[in-house]
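Novice: show me how the following folds:
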Amino acid sequence: MTQAVTQGRRLERLVRGQETSDGAGVKLRRVLTHDLQQRLDPFLMLDAFGSDQPGDYIAGFPDHPHRGFETVTYMIAGRMRHRDSGGHEGLLENGGVQWMTAGRGLVHSEMPEQEEGVMEGFQLWLNLPSQRKLCDPWYRDIPSGEIPEVNLPGGIHVRVIAGHCAGVAGAITREQTEPLYLDVHFVGDDATAVFSQALPSHHNAFVYAYRGSLDICGAQDTQTVPVGHMGLLRNEGDGLILRGSSGTRAIVIAGQPLREPIAQYGPFVMNTREQLMQAVEDFRAGKFGA
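Specialist: Alright, predicted model coming up:
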């Protein structure tokens, strides 16, 4: 069963994101940008990538460092090889998730293992609380078959990457940020299928429609999130209510804000400028290793 929601969150604003490139020239859309970090705390960044043109992705993401946060890469289609300085290696394939805790520091690469076809997915950056910024690095590959799934009335299929949905626990939990990460597919013939998800009102939340448009059914109105847009949701009510037609797909992301200072310099996210300077110094000294 879907979770009972009596007062759905309203749409606060729409965000289309910025077309850009990263790594060695991978084309992507940066949806959650730097100016939204405080508003969507504990989430720091969301990139959406997708192309059937090899030139858009083939150069990949060669070796680069991270410190102070977690990366969550969700592959909708394609093959990407991960290697890092902690000795971890894994192949991210269709429907799989790569969850990496950079902690005190890792250097890693993410390189395509395909020369043609579609590569599509998302990378989310999740902040770490101050006391865990320098924790031991951690890495887990979650194959598609290990991601819990639930089928709901009206022809709604949900993949539960993190958090809980309809009594089903996701593949990953985090105590302090309590992330919710759902991939919601409207697959039935019902043109008015409705999905609801209970949420604490203080948790920040957004949805991103990546197939078709999606309706946000708020307490007083209904507003549409067009395909390729993020809908940032107001902090109110007891959850969210989404309506979509057959073929609509969206990711739903929410979490408990840390309410701590955010200091970022490229791939380093700490709490103070001094900590950032130390991160750069440690990286240059070769300390981001096993």
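Novice: any idea which helix or strand carries L232?
Specialist: Secondary-structure assignment from DSSP states H and E places L232 in strand 230-233.
Novice: ok, then the element right after that strand?
Specialist: strand 239-244.
Novice: partners of the helix or strand containing A250, with directions?
Specialist: Element membership for A250 (DSSP H and E) is strand 249-255. Counting by DSSP bridges, the strands paired with strand 249-255 are strand 180-186 (antiparallel), strand 204-211 (antiparallel).
Novice: surely H229 meets Y208?
Specialist: Yes: if you go by CB atoms under 8 Å, H229 and Y208 touch, sitting 7.4 Å apart. (C-beta placed from N, C-alpha, C; glycine too.)
Novice: so for the two, which sits in the more crowded spot?
Specialist: The residue with more neighbours, out of H229 and Y208, is Y208; 24 against 18, by other CB atoms under 10 Å.
Novice: roughly how far apart are the more buried one and C217?
Specialist: 17 Å (CB to CB, to the nearest Å).
Novice: find the nearest non-adjacent residue to G239, please.
Specialist: Excluding its sequence neighbours, the residue lying closest to G239 (CB to CB, 6 or more residues apart in numbering) is V5, at 3.6 Å.
Novice: and the gap between that neighbour and R39?
Specialist: Counting by CB to CB, the gap from V5 to R39 is 22 Å.
Novice: so these two - more neighbours on which side?
Specialist: Ranked by neighbour count (other CB under 10 Å), V5 and R39 place V5 first, with 20 against 15.
Novice: what about the more buried one, which SS state?
Specialist: Secondary structure, DSSP: H, G, I helix; E, B strand; the rest coil: V5 is coil.
Novice: tell me who's in contact with it.
Specialist: Listed by CB atoms under 8 Å, 6 or more residues apart in numbering, the contact set of V5 reads 196-198, 237-241.
Novice: ok so, going back, strands paired with the strand holding L232, and their directions?
Specialist: Taking DSSP bridges as the criterion, strand 230-233 forms sheet pairs with strand 11-15 (antiparallel), strand 204-211 (antiparallel).
Novice: name the surrounding residues that touch the first one.
Specialist: Applying CB under 8 Å, 6+ apart, the external contacts of strand 11-15 come out as 31-33, 36, 216, 218, 223, 225-226, 229-234.
Novice: just the buried residues out of those residues, in ChimeraX syntax.
Specialist: To isolate the buried ones among the contacts of strand 11-15 in ChimeraX, judged by 16 or more other CB atoms under 10 Å, type:
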select :31,32,33,36,216,218,225,229,230,231,232,233,234
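Novice: which of the contacts of strand 11-15 sit farthest apart?
Specialist: Spanning the widest gap among these are T33 and G218, at 24.3 Å by CB to CB.
Novice: what's the nearest residue to the residue sitting nearest the centre point of the chain if we skip its chain neighbours?
Specialist: For the chain, the residue nearest the mean C-alpha position is L124 (3.4 Å; CA atoms, centre = their mean). Leaving aside its chain neighbours, L124 sits nearest to V72 (4.4 Å; criterion: CB to CB, 6+ apart).
Novice: next one: G103
Specialist: Per CB to CB, 6+ apart, closest to G103 is C135, 4.1 Å.
Novice: that neighbour belongs to a helix?
Specialist: No: under three-state DSSP, C135 sits outside any helix and is assigned coil.
Novice: dump the residue contacts of it.
Specialist: 101, 103-104, 128.
Novice: for it, give its distance to F69.
Specialist: Counting by CB to CB, the separation of C135 from F69 is 11 Å.
Novice: list residues touching both of the two?
Specialist: Residues touching both C135 and F69 (CB under 8 Å, 6+ apart) are L128.
Novice: remind me which residues of the stretch 151-290 of the chain are low pLDDT?
Specialist: Regions of the stretch 151-290 of the chain meeting the criterion pLDDT under 70 cover residues 290.
Novice: pretty sure H108 sits against R83.
Specialist: Yes: here H108 reaches R83: they are 6.5 Å apart, a contact under CB under 8 Å.
Novice: which one's more surrounded, these two?
Specialist: Using other CB under 10 Å as the criterion, H108 and R83 rank with H108 on top: 24 against 15.
Novice: I am finished for the moment; much appreciated.
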